[in-house]
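Visitor: Below: sequence and its predicted model.
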Amino acid sequence: MSGRSDSEISERNEEVGKGEEPEEKEPEEIEEIEEARRARWTATGTGALLTLAGLAAALLRLTGSAPALVPAAYALGAAVCALAAFLGARGRTRRALWLLIAGVMVMAFGDQSD
């Protein structure tokens, strides 16, 4: 790890794409860029998957005899995971990770309330 945030790496990538001559990149820089790209895709994909799972669980619990708190908790957790997916796509992978954890915790709370 170089100590640079995800947004600094993506800003450097955007600067190169603005018509400047791309300079020769060192293998370490290429690895950092690829690592940041994988982190963005992982955060986005995981957030989208957890959002779909939360929404499906909310709909299933809504049609059943569960208290109203249960589907609301699943829906709220799904909304938090959707926000995490959005932030992950924008390069804010650390914040996305914490929001994914919070979203799953809210869904788990709803599951325990059942």
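Guide: That came through, no problem.

Visitor: what separates residue 94 from residue 34, distance-wise?
Guide: 18 Å (Cβ to Cβ, to the nearest Å). Heads up, the C-betas are built off the backbone N, CA and C, glycines and all.

Visitor: neighbour-wise, which of those two wins?
Guide: Shown here are residue 94 and residue 34; by other Cβ atoms under 10 Å, residue 94 has more neighbours (15 against 10).

Visitor: Quick one, grab the pLDDT at that one.
Guide: pLDDT for residue 94: 93.

Visitor: Now do the one helix or strand it maps to: everything it contacts.
Guide: Using DSSP states H and E, residue 94 sits in helix 93-112. Contact with helix 93-112 is made by 5-6, 36, 39-40, 42-44, 46-47, 50, 54, 57, 61, 69-74, 76-81, 83-85, 87-88, as judged by Cβ atoms under 8 Å, 6 or more residues apart in numbering.

Visitor: If any of the residues you listed are buried, put those into a PyMOL selection.
Guide: Remark: buried members of these, expressed as a PyMOL selection using 16 or more other Cβ atoms under 10 Å:
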select buried, resi 6+36+39+40+43+44+46+47+50+54+57+61+70+71+72+73+74+76+77+78+79+80+81+83+84+85+87+88
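
Visitor: This structure: helices as residue ranges?
Guide: Under the criterion DSSP state H, the chain contains helices at 6-16, 27-63, 69-89, 93-112.

Visitor: what angle do the last one and helix 27-63 make?
Guide: Here the directions of helix 93-112 and helix 27-63 differ by 20 degrees (axes from the mean of the first three to the mean of the last three Cα atoms, to 10 degrees).
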